[in-house]
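Chemist: please find the sequence and the predicted model below.
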Amino acid sequence: MSRSVLVTGGNRGIGLAIAHAFAAAGDKVAITYRSGEPPQELVDLGCLPVRCDITESEQVEQAYKEIEEKHGKVEVLVANAGITRDQLLLRMSEEDFSAVLDTNLTGTFRVAKRAARGMLRAKAGRIVLISSVVGMTGSAGQVNYAASKAGLIGFSRSLARELGSRGITCNVVSPGWVDTDMARAVSEERRAEVLAGVPLARYAQPEEVAGVVRFLASDAAAYITGAVIPVDGGLGMGH
């Protein structure tokens, strides 16, 4: 049965792959994007692009109203939207710290709170949050990003306890280095350094992350909640 699926930040990278995976399975997929134009490939697949800055509560509310009007209540939420503003602690501005937390963590709070409203009424739902291996291992120059991604784990597990009795699951997918435009922008020296620490000795493909997200949203994962699933090639083992 086709479900109403929302993928935030679904216009590129991991989010784009996740939107593709759900659309290919026959779900009604909406994506949020903050700037530019939505990918034509998603439009061609019948996905609903909705311009929305998740740091603005009013825009989140408006986005949900548009999605509900066209696809019905959101049954699967994938909170993927996020930003980075990397800098060493002593050089990091308070604005850069706050901006990353507001998008990655508080933005997830906004979209999850709004989705939960309909899920509670339906007594069913799937929430999947996209974190990162650095949320558990830490990363020099990324105290803001690592803090926001670590925060998603506590947020998800608290939500799993709040909503579980109503048939709603909430889980985290924790990717490592994924072959996206963001990763390709890193210097060759840094890429080699990263791969040296990955047991599988390669980057993940976005589709590999998307497959795990789809599994967590499926009937096969109905008894999984509060989990953190790594898709990192073994980079975060032991954390």
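Modeler: Everything's here; your move.
Chemist: just checking, next helix/strand downstream of the one helix or strand in the chain whose mean pLDDT sits lowest?
Modeler: Counting by mean pLDDT, DSSP states H and E, the weakest-scoring helix or strand in the chain turns out to be helix 181-184, with a mean of 78. The C-terminal neighbour of helix 181-184 among helices and strands, as given by DSSP states H and E, is helix 188-195.
Chemist: what sits up against the least confident helix or strand of the chain?
Modeler: Helix 181-184 has contacts (Cβ atoms under 8 Å, 6 or more residues apart in numbering) with 12-13, 84, 177, 191, 203. Where C-beta positions appear, they are placed from N, C-alpha and C, glycine not excepted.
Chemist: again, but for stretch 224-236
Modeler: By Cβ under 8 Å, 6+ apart, stretch 224-236 touches 131, 133, 136-137, 153, 156-157, 160-161, 164, 169-177, 197-204, 208-209, 212, 216.
Chemist: buried stuff in the least confident helix or strand of the chain?
Modeler: A183 (16 or more other Cβ atoms under 10 Å).
Chemist: do stretch 95-103 as well
Modeler: 96-97, 99-103.
Chemist: quick one: residues in contact with it.
Modeler: Here stretch 95-103 has contacts from 54-55, 81-85, 87, 143-145, 147-148, 151, using Cβ under 8 Å, 6+ apart.
Chemist: ok, and the most crowded of those?
Modeler: S148 (27 neighbours; other Cβ atoms under 10 Å).
Chemist: quick one: contacts for the residue nearest to that residue when sequence neighbours are not counted?
Modeler: Of all residues not flanking S148 in the chain, N104 sits nearest, at 3.6 Å (Cβ to Cβ, 6 or more residues apart in numbering). Counting by Cβ under 8 Å, 6+ apart, N104 makes contact with 81-83, 145, 148-149, 151-152.
Chemist: tell me the contacts of the spatially most central residue of the chain?
Modeler: Residue closest to the average C-alpha location in the chain (Cα atoms, centre = their mean): N80, at 2.1 Å. N80 makes contact with 7-10, 14-15, 18, 130 under the criterion Cβ under 8 Å, 6+ apart.
Chemist: got TSV for those residues, with distance to S35 and neighbour count too?
Modeler: Shown next, in TSV, are the contacts of N80 (distance: Cβ to Cβ, whole Å; neighbours: other Cβ atoms under 10 Å):
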residue	distance to S35	neighbour count
V7	17	32
T8	14	30
G9	11	26
G10	14	31
I14	18	28
G15	14	27
I18	19	31
I130	19	26
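Chemist: mind checking which of those are in helices?
Modeler: 14-15, 18 (DSSP state H).
Chemist: nearest to H239 among these?
Modeler: I14 (20.1 Å; Cβ to Cβ).
Chemist: for that closest one, what are its contacts?
Modeler: 80, 130, 175, 178, 180, 206, 209-210.
Chemist: same list (those) but as CSV, adding secondary structure and pLDDT.
Modeler: Formatted as CSV, these follow (DSSP: H, G, I helix; E, B strand; the rest coil; pLDDT from 0 to 100):
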residue, secondary structure, pLDDT
N80, coil, 98
I130, strand, 98
P175, strand, 97
V178, strand, 95
T180, coil, 88
P206, helix, 97
V209, helix, 98
A210, helix, 98
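Chemist: apart from its neighbours in sequence, what residue is nearest A217?
Modeler: Nearest one to A217, counting by Cβ to Cβ, 6+ apart, is R126 at 4.3 Å.
Chemist: one step back: from the contacts of stretch 95-103, which land in helices?
Modeler: 143-145, 147-148, 151.
Chemist: those strands in this structure, which residues are they?
Modeler: Here the chain has its strands, by DSSP state E, at 4-7, 28-33, 48-51, 76-79, 125-130, 168-175, 228-231.
Chemist: got the buried residues for the first one?
Modeler: It refers to strand 4-7. 4-7.
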